[in-house]
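Novice: The sequence isn't on hand, but the structure is:
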DNA sequence: ATTTATTTTGCAACCGATTGTGTAAAGAAA
DNA sequence: TTTCTTTACACAATCGGTTGCAAAATAAAT
């Protein structure tokens, strides 16, 4: 009930007849403090129930131990797993995570990047909004040497950390898989071509077709927002074509499942009449009937990796604070993907 | 490139030949500052690109504009939607959200509650870990009049805000629905009975059975951790019984889907041989074949409601800071649920 | 013109940890 | 014992808004 004030290093100092500076240094094992003093201080601090005031430390150092995260939407399987991975690594290292969602809006992304900056986050992990074209709102992080990691949906040209998959190769693999199953007229349901994730997969798709001497039919390429309903609509359009596809490569599982449902409703046999491959390996992929062939997307791992990039950067900065070229880091990390073959595409028994 | 220091209210004060206090007050429309001055100050602040230092304000006021969130796991459909709702409301009100996950561990929950406290969150929203029995680690929030909202998985006795559904009624409705479909031997797959969400649903289940003069068979009640695999294992056990059930009420969709898959593999007809009802209305529920009958669980709404509780509390405290009994708030908000009938239970055509 | 009332603004302490610089004490070397 | 190093700690400024109280400026009343 009583408004017991928090104990501060001043309280400890008074109690022990030492200076606050000594307390402060002792608590973080500063080399100029003797081991004996360090031990004693820590003991007393413990006894008094001391908890450091993060805000005071942050104000002084002009930085917090908070990693900012800026994603499109939290409640998507890929994103929530990504965040889970980030949080896990951060927590273990004594860092916190502040999460914001752009709802795939460029304007929100700009505002939120400012808000995170104002919050003095020590680093930021971002997956771009669907319609972001300009990324100059992130420049201030670079200028201040605040580590910035773009994950999955990354900009083309930005000297910073990037954690991603090889989307071109994945698109190529997915398409080639369908070709190997005997598909000759393969459609492609994709997202905004401003995003590397989708444009690169499309490039892989096109190259796989060309390599197999299949024609690239623009009619078979549909750009959507990738919701379940979008998947339904896009596949309906495709199936209504005078010359419908016998295979579809969809860039996410959500829309792919929409396509499967439409195909089933229409009495199309999967994979005989139309083979379908998705992307992400969301939980539904292995549960839907027929099982959805898809490309694995290591969401948790990507989150962990991104967080580690931030932490490592901070560590290296602490070691040599006078690094003149740190602001010119361009480090791209690729994580592996693979084709997970399930019934929706498996024509060869 | 140049390490341009942030502009502070001191810079503005110097520029305008005013005191920092005037700037500070003007920027937040303090009544003692003239409108003329306010307008001028805001204009200059804007021009100079002033951004307030959150840490400094927080240090002084000993509180931030951050809402702490403590949940079991982020990457679960219900939780990620919950968080999405929280973040949405918070963002609109100019607040940030700090997210932590206990991984359903009591020890982690205790540590994280401390960490959030240390971060000077202005409020905290928590859904308890699976095995939490004692909740005294949350008392310090009450003592400091920091609003605390328990959501979904709430403690029995804790004078604070609670946002939840009527689990008893939901369990009763679910079971009654199966009874109405003609089931007479209804099994129940549930979670830890320390959690109100599961114990209350079970109570509803039992009462519905008794009301229909059906016997409550302890053999038919299985307590698990509610993963997909747990659903498979629990249903296998049930189907192997000499006298297997003709209906199953599972307290979450993930495990319910596991049960469906097992039933299908065994050649059991759903819902004829066994009717199944889940809980949550996860995306898979409407996608799996047969469609899973389930209980709607308004995740986003619960998140929004929880966040609003925090914000309202803060607002009312600001209005009358000398509220002696605010620490004795017990306000329970129930959100509605309904039975969503799909093929997995619909025996009456 | 003087007093009273009211509006507007300034002063300065404060929040609590951090850290460069200075100094006293302890130990080593002469 | 004296001098020179280390070692160990203290002082005090600093980070940037916030706010109680005092003072100044202006307006209103006498």
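Specialist: Now that the structure is in, tell me what you want to look at. All figures in this text were calculated on a predicted structure; none of them were measured in a lab.
Novice: Could you give the number of residues near the nearest residue to residue A:110 once chain neighbours are set aside?
Specialist: Leaving out its chain neighbours, the residue that sits closest to residue A:110 by Cβ to Cβ, 6 or more residues apart in numbering or on different chains is residue A:137, at 4.7 Å. Yep, even glycine has a C-beta here, placed from its N, CA and C like the rest. By other Cβ atoms under 10 Å in any protein chain shown, 16 other residues sit near residue A:137.
Novice: any idea of the mean pLDDT in whichever helix or strand residue A:110 is part of?
Specialist: In this assignment (DSSP states H and E), residue A:110 forms part of helix A:106-118. Helix A:106-118 carries an average pLDDT of 95.
Novice: Mind listing residues that contact that helix?
Specialist: Contact partners of helix A:106-118, identified using Cβ atoms under 8 Å, 6 or more residues apart in numbering or on different chains, comprise A:68, A:70, A:98, A:100-102, A:124, A:126, A:128-129, A:131-134, A:137-138, A:140-141, A:146, B:51-54, B:91, B:96.
Novice: in it, what counts as buried?
Specialist: A:106, A:108-110, A:112-113, A:115-117 (16 or more other Cβ atoms under 10 Å in any protein chain shown).
Novice: go on, stretch A:258-266?
Specialist: Going by 16+ other Cβ under 10 Å, stretch A:258-266 has these buried residues: A:258-263.
Novice: Can you tell me which of the contacts of helix A:106-118 end up in strands?
Specialist: Members of these lying in strands (criterion: DSSP state E): A:68, A:70, A:98, A:100-101, A:124, A:126, B:96.
Novice: For PyMOL, write a command that selects the buried ones of those residues.
Specialist: This is the PyMOL syntax for the buried subset of these, where burial follows 16+ other Cβ under 10 Å:
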select buried, (chain A and resi 68+70+98+100+101+124+126) or (chain B and resi 96)
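Novice: before we move on, the earlier item: okay if I get the buried residues of stretch A:258-266 as JSON lines plus distance to residue A:150?
Specialist: Listed next are the buried residues of stretch A:258-266 as JSON lines, based on distance: Cβ to Cβ, whole Å:
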{"residue": "A:258", "distance to residue A:150": "28"}
{"residue": "A:259", "distance to residue A:150": "29"}
{"residue": "A:260", "distance to residue A:150": "32"}
{"residue": "A:261", "distance to residue A:150": "33"}
{"residue": "A:262", "distance to residue A:150": "34"}
{"residue": "A:263", "distance to residue A:150": "35"}
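Novice: from the buried residues of helix A:106-118, which is closest to residue B:27?
Specialist: Among the buried residues of helix A:106-118, residue A:115 lies closest to residue B:27 (Cβ to Cβ), at 16.8 Å.
Novice: got the angle between whichever strand or helix holds residue A:300 and strand A:96-101?
Specialist: Taking DSSP H and E as the definition, residue A:300 sits inside helix A:299-319. Per axes from the mean of the first three to the mean of the last three Cα atoms, to 10 degrees, the angle that helix A:299-319 makes with strand A:96-101 is 130 degrees.
Novice: Give me the helices and strands touching helix A:299-319, please.
Specialist: Contacts defined by 3 or more Cβ pairs under 8 Å, 6 or more residues apart in numbering or on different chains; DSSP states H and E place helix A:299-319 against helix A:77-92, strand A:123-126, strand A:148-151, strand A:161-165, strand A:331-335.
Novice: Next, count neighbours for residue A:125.
Specialist: 30.
Novice: quick one: contacts for it?
Specialist: So residue A:125 contacts A:67-70, A:86, A:148-151, A:303, A:306-307, A:310 (Cβ under 8 Å, 6+ apart).
Novice: how many neighbours does residue A:278 have?
Specialist: 32.
Novice: Spatially, which residue comes closest to it, not counting chain neighbours?
Specialist: Residue A:278 sits nearest to residue A:256 (Cβ to Cβ, 6+ apart), 3.2 Å away.
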